[in-house]
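Trainee: Sharing a sequence plus its predicted fold:
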Amino acid sequence: MQDHLNPPYGGTLVNLLATPERASVLQAESRDWPSWDLTAKQVCDLELLLNGGFSPLRGYMSRADYEGTCAHMRLANGQLWPIPLVLDVTEKFAGTLGSNSKVALRDPEGVMIAALHVSDVWQPDHQAEAEAVYGTANEFHPGVGYLAKQTHPWYLGGKLEGLQLPVHYDFKTLRQTPAQLRAEFRQRGWRRIVAFQTRNPMHRAHQELTFRAAKQVEANLLIHPSVGMTKPGDVEYYVRVRCYQELLSRYPIGTVKLSLLPLAMRMGGPREVLWHAIIRKNYGCSHLIVGRDHAGPGNDENGKPFYGPYAAQQLFIAHQKELGITPVPFNTMVYVEEQDTYVQENEVPTGARTLNISGTDLRRRLSEGRELPSWFTFEEVARELQRNYPPRHRQGFTLFFTGLSGSGKSTIANILRVKFLEMGGRPVTLLDGDLVRKHLSSELGFSKEHRDINIRRIGFVASEITKNGGIAICAPIAPYDSVRKEVRATVQPGGGFVLVHLSTGLAACESRDRKGLYAKARAGLVQHFTGISDPYEAPTDAEVVIDTSDLSAEESAQEILLYLERQGYIGVNRQNGS
């Protein structure tokens, strides 16, 4: 029977999974190979390489393919390809490899997923890559930030042989490979399929947009959300998928399919839309919906957009013939109150009043416990979001102190612990610097490396407490800005984070010196002492700044409680003055 689906990019759907016999051979041979434990992003990339989502690639890019992709959006053979796909590794690991090495690629549990036959080992210029691929070297861009701060400094290229796909224990019935989804489309008799890429929950505007797109091109609809790495701060995919499932009943039976895409997004805007188009073509789609600022990260730190609102649409339209998949462009959908309907912003009648809720406003409404209006979203979606994102006074949060020794961190933290216990409603944990050193970090010294390890441990424990609805009070010195920011990024996805800087000066802190530590440090008996022989980097991002040379410990605690009340984290009981 003739296949009427859109053919894969390059003509053939790649399948890099070895036969069971070959997989056994590779498994046995790998005992003598070096192993690389894949990061979460790398697992996503590897899965789509192995299952054909990134056809026609048959492994990680060679250096020539990488350089052509960065410079011209072309592989070495001239084929259009917009986003680099390489395996980043540490300098130490790269130094053990040659151009004919073999590497066992393993998931976080140590299971071997694939064999990499290394062809190229090189050190890239990350800044040049950022400027070429993302159009900026500004680390406020999440893709650039990841490249600069979390991507390893050496790259590997080479062919892959897969032993198995990464294992997922969640939403198994929604995780189809390109071959499986194509087979289902054929079984359903679908020929034209329009894909909807999303990394956010879907509301009424999205439903209207997808309805319109499917009707416009006379196609069935594939809701194909990314469930790999997205933009920091996005709604986690578990919640999003439940929202999508609730929404399916709003579509005519037999016209829509929900399937999950294990894609680690780069937020690359115009280049990324071409990548999304290639992937959807490999999954059998004939069309892709392209909205305003498709796959864009939004604005920079000065409020300036990284990409033009319709730059992605324009680049896709310019290359649609070569790609072999058709864009379905849309402007932003807005609600017209008088008509009780959604329209594209360029279709709004003159003088009509429009309504819209931004992502920032949505998060604020959820944090304040406000209702989501029925014109904006469906009741079942609102219920799911409210269930998973309760108002601040029901969320966990971390109160993270930083300041010199003797600034009053432990005393104020203890006062607050008692106040929170008095209020009740949430478990409270105090992670005092000395206690953590005794029970979690007894083997660590006071070098910068060891201090950072200690603070990361505190941050991990605090993040677990916070995401489970508790209050974590952390009171280390935490002298270094970069690791404090790491802790903030670790905690915030699960709840609130409030940085309290006790800005009390060195002279005041040293005058207190209850433990005699400053005297010992001055005498050279204590090494790596913050403020004397080690630096202290004062934060510029603290929510609360208190100089305890002017306030008592009780007054300082009260200032913090008042801030928490203003922000909605607590409701102060006026009768007992707490």
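Mentor: The structure has been received and is ready for your questions. Numbering: from 1, shown residues only.
Trainee: which residues in the stretch 51-200 of the chain form strands?
Mentor: 59-60, 87-89, 102-106, 112-122, 154-162, 193-196 (DSSP state E, counting those that start in this stretch).
Trainee: Any chance of TSV for those strands, columns mean neighbour count and distance to residue 234?
Mentor: In this view, the C-beta of every residue, glycine as well, is placed from N, C-alpha and C. Rendered in TSV, the data for the strands of the stretch 51-200 of the chain read as follows (neighbours: other Cβ atoms under 10 Å; distance: least, Cβ to Cβ, whole Å):
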stretch	mean neighbour count	distance to residue 234
strand 59-60	26	27
strand 87-89	22	23
strand 102-106	20	27
strand 112-122	20	26
strand 154-162	22	27
strand 193-196	26	16
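Trainee: Any chance of those in CSV with distance to residue 563 and mean pLDDT as columns?
Mentor: Shown next, in CSV, are the strands of the stretch 51-200 of the chain (distance: least, Cβ to Cβ, whole Å; pLDDT from 0 to 100):
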stretch, distance to residue 563, mean pLDDT
strand 59-60, 49, 98
strand 87-89, 41, 98
strand 102-106, 45, 98
strand 112-122, 47, 97
strand 154-162, 45, 98
strand 193-196, 42, 98
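Trainee: what would the ones you listed look like in CSV with distance to residue 130?
Mentor: Listed next are these as CSV, based on distance: least, Cβ to Cβ, whole Å:
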stretch, distance to residue 130
strand 59-60, 19
strand 87-89, 14
strand 102-106, 25
strand 112-122, 17
strand 154-162, 14
strand 193-196, 28
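Trainee: Off-centre distance for stretch 406-423?
Mentor: Its chain's C-alpha centre and that of stretch 406-423 lie 33 Å apart, by Cα atoms, centre = their mean, to the nearest Å.
Trainee: hey, C-alpha coordinates of that stretch in CSV?
Mentor: Written as CSV, here are the backbone C-alpha positions of stretch 406-423 (Å, rounded to 0.1, in the frame of the first residue of the first chain):
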residue,chain,number,x,y,z
GLY,A,406,29.2,37.4,63.9
SER,A,407,26.6,39.2,61.8
GLY,A,408,23.8,37.4,63.7
LYS,A,409,22.7,34.7,61.2
SER,A,410,22.3,31.8,63.7
THR,A,411,20.5,33.9,66.3
ILE,A,412,18.0,35.4,63.9
ALA,A,413,17.5,32.1,62.2
ASN,A,414,16.6,30.5,65.5
ILE,A,415,14.2,33.2,66.4
LEU,A,416,12.4,32.7,63.0
ARG,A,417,12.4,29.0,63.5
VAL,A,418,10.4,29.4,66.7
LYS,A,419,8.1,32.0,65.1
PHE,A,420,7.3,29.7,62.2
LEU,A,421,6.6,26.8,64.6
GLU,A,422,4.4,29.0,66.6
MET,A,423,2.4,29.9,63.5
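Trainee: can you list contacts of that stretch?
Mentor: With contact meaning Cβ atoms under 8 Å, 6 or more residues apart in numbering, stretch 406-423 is reached by 399, 401-403, 426, 428, 430, 432-434, 471, 473-477, 502-504, 508-510, 512-514, 518, 548, 553-554, 556-557, 560-561, 570, 573, 576, 578.
Trainee: mind listing the helices for the stretch 1-150 of the chain?
Mentor: Using DSSP state H, counting those that start in this stretch, the helices found in the stretch 1-150 of the chain span residues 20-29, 40-50, 63-72, 91-94, 126-133, 142-149.
Trainee: Sorry, slip of the keys, the one I care about is the stretch 201-350 of the chain.
Mentor: Going by DSSP H, counting those that start in this stretch, the stretch 201-350 of the chain shows helices at 204-217, 237-247, 270-282, 311-323.
Trainee: follow-up on the earlier one: list buried residues within the contacts of stretch 406-423.
Mentor: 399, 401-403, 426, 428, 430, 432-433, 471, 473-477, 502-504, 508-510, 518, 548, 553, 556-557, 560-561, 570 (16 or more other Cβ atoms under 10 Å).
Trainee: In helices, which of these appear?
Mentor: Those of those mapping onto helices are 433, 508-510, 518, 553, 556-557, 560-561, per DSSP state H.
Trainee: now these in TSV, with distance to residue 408?
Mentor: Formatted as TSV, those follow (distance: Cβ to Cβ, whole Å):
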residue	distance to residue 408
433	12
508	10
509	9
510	13
518	15
553	6
556	7
557	10
560	12
561	15
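Trainee: Show me which of these is closest to residue 444.
Mentor: Taking Cβ to Cβ as the measure, residue 433 is the one of these closest to residue 444, at 11.9 Å.
Trainee: which helix is the longest one in this structure?
Mentor: Secondary structure assigned by DSSP H gives helix 448-467 as the longest helix of the chain.
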